[in-house]
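> Test case, fold it:
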Amino acid sequence: MTQRIEDYALIGDLQTAGLVGSDGSIDWLCLPRFDSGACLAALLGDENNGHWRLAPKGAGDCTRRGYVPGTLVLESVWETRTGAVKVTDFMPQRDQAPDVVRIVEGIEGSVEMAATLRLRFDYGSTVPWMRRLDDDRVAVAGPDSVWLRLENPDSVPVKTWGQQFSTVSSFTLAAGQKLAFILTWHPSHHPRPKPLDPFEALAASLEDWTDWSGKCRYKGPHRDAVLRSLITLKALTYAPTGGIVAAPTTSLPEDPGGVRNWDYRFCWLRDSTLTLGALLATGYVDEAAAWRDWLLRAVAGDPADLQIMYGVAGERRMPEMELPWLRGYEGSTPVRVGNGAVAQLQLDVYGEVMDSLRLGREAGLESLPHAWNIQLSLMGFLESKWREPDESLWEVRGPRRHFVHSKVMAWVAADRAVRTLESSPELPGDVTRWRAMRDEVHREVCARGFDPERNTFTQSYGSEELDASALLIPRVGFLPPDDPRVLGTVDALRAGLSRDGLIDRYTTKGPSVDGLPGREGTFLVCSFWMVDALLMTGRAREARDLFERLLALRNDLGLLAEEYDPAARRHLGNFPQAFSHVGLVGSALALAEHDGAG
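Numbering: from 1, shown residues only. Sure thing, here's the model as predicted:
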């Protein structure tokens with residue numbers, strides 16, 4: 001049995017990431033990139049699909065764990081009847097090859113330890129050939145090669161042997177003794193990379209993360225929660241390009257046992273504005289600029305070919321396929337890699353891109369000469385396409401509709417283009433035509449996307465369904481917060497999409513607009529949007545109460561998944577989820593600004 005989603009911790013090196021369970025097992029690790037094939041995939045199968053457990057012999061979950069403050073260095077402590085031991089897990093920011101370091105240190109008494117490394121390349125499907133070379137173990141299969149090395153400064157007796165296509169170690173650690181296991185990946189046709197000193201790497205990692213965290217300029221309430229979310233966003237950044245993945249996992253279910261299982265190891269355009277705003281507002285200008293630059297590179301080209309998501313380096317192809325040899329997390333199949341939604345038409349992304357680039361310009365990010373030319377092309381395409389139905393920000397796999405949020409974001413695109421020309425009249429562009437487009441979109445949405453009888457915006461034209469994305473209407477400036485239609489929409493969404501005070505993104509009872517069976521959990525970022533909407537509409541105490549409730553849903557390490565099931569009281573969906581943490585940062589900053597405490 002794999003653990004609950006919230007029982008996992010995140011480690012990473014700004015190019016990939018792994019999940020470490022509270023039982024000391026790394027059950028998910030993709031090397032060398034976020035979107036590479038996993039070599040440890042027990043998370044989506046069982047131990048035979050790859051895991052690396054390091055813990056006291058016969059022990060269960062650790063007694064306590066936590067990140068070293070301001071870092072992504074994980075410390076897990078087990079207290080046993082014979083003594084106590086600490087395992088420190090981290091991935092150093094890589095020089096050449098990706099490394100996973102696990103340092104074991106005796107705290108008191110003596111503890112008998114056991115380690116099992118079961119490598120399975122290509123998402124748990126391929127058993128490597130293992131051999132011993134001097135004191136190291138090396139596993140090879142096709143293009144992949146992994147070295148396991150032991151650094152043993154206190155000469156602790158360690159017995160290591162092969163067993164059932166895995167590498168097993170056993171040793172007893174006394175107080176004050178320590179040793180380190182280092183796992184290093186590199187292409188199998190390359191020479192072995194230079195061995196890493198694990199203890200020097202730990203000191204360097206602590207210094208790197210502490211220095212980075214020290215740049216956070218937010219000093220308001222819940223600073224620890226905000227900083228942990230920012231560290232998580234940093235950990236989900238692919239450093240060579242600046243792209244930020246939505247999550248480091250694939251196919252963690254939105255409906256346990258069901259089919260709502262998707263690959264999130266890619267970069268979504270719709271995350272761009274909120275992510276850029278969170279980074280800029282907290283002082284991380286370099287990261288914001290890198291994300292903006294990734295965005296510009298990704299969307300360059302024919303605007304008709306604009307995608308909703310791209311690979312970490314801007315790749316456009318991510319064909320969706322199923323992995324039938326994996327039984328899925330809690331039997332949730334199919335397990336998917338790639339994402340077929342990449343081919344969908346989602347008109348809201350044009351607004352997201354225009355809004356992001358406008359935000360970067362207003363924040364003083366260095367202006368790039370080609371940026372406005374790209375925006376001109378995007379606007380030219382959107383002018384001819386905004387009247388068409390699409391699949392919406394939720395990537396529904398049912399029929400296309402005229403989704404209200406998509407139209408609102410088309411208005412945002414035109415509005416940001418107009419505002420840019422008004423502030424920079426030297427730029428080329430037809431401000432009169434864009435004003436006319438903006439006005440036409442606004443009239444149509446208010447006429448066809450609003451239900452006057454219920455006083456609420458609906459999910460799509462002519463629909464009776466509600467959609468949490470309508471909470472963004474005042475945030476993007478489509479209507480002022482005190483407009484009666486905004487107030488009515490907030491009330492309608494609280495009544496119609498609330499489960500135990502948390503917000504569904506839309507109704508999945510019975511036949512659903514997304515064309516899929518089953519019901520998902522409450523969507524955490526939508527609950528943060530509700531916090532923001534309540535605050536903007538003058539209900540600060542209710543906003544604050546909901547925010548505190550959401551903070552309490554984080555796991556013991558401050559991490560959030562995509563969704564939460566209020567009935568089962570558990571996290572659902574891919575983990576940790578960038579959008580959930582962006583929502584947390586945004587709501588915390590909004591509340592602090594309202595209270596004058598930011």
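
> gap between the residue nearest to S463 when sequence neighbours are not counted and W394?
Using Cβ to Cβ, 6 or more residues apart in numbering and skipping the chain neighbours, the partner closest in space to S463 is R401 (7.3 Å). C-beta coordinates here come from the backbone N, C-alpha and C atoms, glycine included. Per Cβ to Cβ, to the nearest Å, R401 is found 11 Å from W394.

> Can you say which helix or strand has R137 in it?
strand 136-141 (DSSP states H and E).

> wait, what's in contact with the residue nearest to S463?
By Cβ atoms under 8 Å, 6 or more residues apart in numbering, the residues touching R401 are P389, D390, S392, Q459, S460, Y461, S463, V513.

> what about the last one, neighbour count?
Taking other Cβ atoms under 10 Å as the criterion, the count of residues near V513 is 22.

> where does it land in three-state SS?
coil (DSSP: H, G, I helix; E, B strand; the rest coil).

> what's near enough to touch it?
Counted by Cβ under 8 Å, 6+ apart, V513 has contacts V396, G398, R401, Q459, S460, S463, E465, Y506.

> Selection in PyMOL covering whichever of these are buried, please.
Typed into PyMOL, the line below selects the buried ones among the contacts of V513, using 16 or more other Cβ atoms under 10 Å:
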select buried, resi 396+401+459+460+463+506
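
> what about the strands in the stretch 101-250 of the chain?
Along the stretch 101-250 of the chain, counting by DSSP state E, counting those that start in this stretch, strands occupy 129-133, 136-141, 144-151, 158-162, 167-174, 178-187, 237-238, 243-244.

> As TSV, these with distance to W52, mean pLDDT and mean neighbour count would be great.
Supplementary listing: these in TSV, determined by distance: least, Cβ to Cβ, whole Å; pLDDT from 0 to 100; neighbours: other Cβ atoms under 10 Å:
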stretch	distance to W52	mean pLDDT	mean neighbour count
strand 129-133	14	89	12
strand 136-141	12	93	19
strand 144-151	9	96	20
strand 158-162	14	94	12
strand 167-174	9	97	18
strand 178-187	7	97	21
strand 237-238	23	96	24
strand 243-244	26	94	25
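
> Those: which one's closest to F34?
strand 237-238 (6.4 Å; Cβ to Cβ).

> List the strands paired with the closest one, with their directions.
Here strand 237-238 is paired, per DSSP bridges, with strand 243-244 (antiparallel).

> And the contacts of the partner strand?
Taking Cβ under 8 Å, 6+ apart as the rule, strand 243-244 contacts 233, 236-238, 267, 271, 275, 291, 294, 298, 310-314, 578.

> follow-up on the earlier one: between the contacts of R401, which is closest to P369?
Of these, the one sitting nearest to P369 (Cβ to Cβ) turns out to be D390, at 31.1 Å.

> quick one, what contacts the closest one?
Applying Cβ under 8 Å, 6+ apart, the residues contacting D390 are Q344, L345, Q346, L347, D348, R400, R401, F403, S406.

> all helices for the protein, in order.
All helices of the chain, identified by DSSP state H, fall at 121-124, 198-213, 223-235, 272-281, 285-299, 348-362, 371-385, 404-423, 431-448, 484-496, 524-536, 540-551, 578-595.

> tally of neighbours for C526?
Other residues close to C526 by other Cβ under 10 Å number 24.

> same check, this time on the one 5 residues further on
Each residue near V531 was counted by other Cβ under 10 Å, and the total is 28.

> Would you confirm that it contacts F547?
Yes. Contact criterion Cβ atoms under 8 Å: V531 and F547 qualify, at 4.9 Å.
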